[in-house]
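Novice: Need coordinates for the below:
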Amino acid sequence: MPDAIGQFANAKYFSLETFRKTGIGVRTPVWFAEDPTQRPRTVFYVYTLPDSGKSKRIRNNPKVRIAPCNMRGALRGAWVDARARICNGDEVAKGQSLLNQKYGLPKRLGDFFSRLRGRTQIVLAIEIT
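Specialist: Numbers count the residues shown, from 1 in each chain. I've put the predicted structure just below:
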């Protein structure tokens, strides 16, 4: 398992595969940040809109798969099974902080323009199983 987890160390994106009720997988390239305080568990944080397809699918089925990829979703590593959940409370701020540290100005600008349009975000915790 350490090799599977290590493949995410220098990745900027991973492909998050969520599953429809029919079992069909839907892949989306997303920004992510690892929480180093959770070791030996591996927990990644991702942000999205509360009404996005991936958040709806995760509410129905927390089973996901992740693999490093480029911004267009072309895989750069092996798939790893994981479980996703929607964060609450302090964990939301923690996830956003880790994402801001990793992606800096581009993330902050995106957040600014999202707020201008009245969009809210949720944070997902993805834990390797």
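
Novice: next SSE after whichever strand or helix holds Gln101?
Specialist: Assigned by DSSP states H and E, Gln101 falls within helix 90-116. Next helix or strand after helix 90-116 toward the C-terminus (DSSP H and E): strand 122-128.

Novice: and that next one, how far from the chain's centre?
Specialist: Remark: strand 122-128 is offset 6 Å from the chain centroid, using CA atoms, centre = their mean, to the nearest Å.

Novice: Show me what it is packed up against.
Specialist: strand 43-48, helix 53-60, strand 80-86, helix 90-116 (3 or more CB pairs under 8 Å, 6 or more residues apart in numbering; DSSP states H and E). The C-beta positions use only the backbone N, C-alpha and C, and glycine is treated the same way.

Novice: What residues of the second one count as buried?
Specialist: I take that to be helix 53-60. 54-55, 57-58 (16 or more other CB atoms under 10 Å).

Novice: Give me the pLDDT for the residue of the chain most remote from its centre.
Specialist: Within the chain, Leu116 marks the point farthest from the mean C-alpha position, 23.0 Å out by CA atoms, centre = their mean. Note on Leu116: pLDDT of 86.
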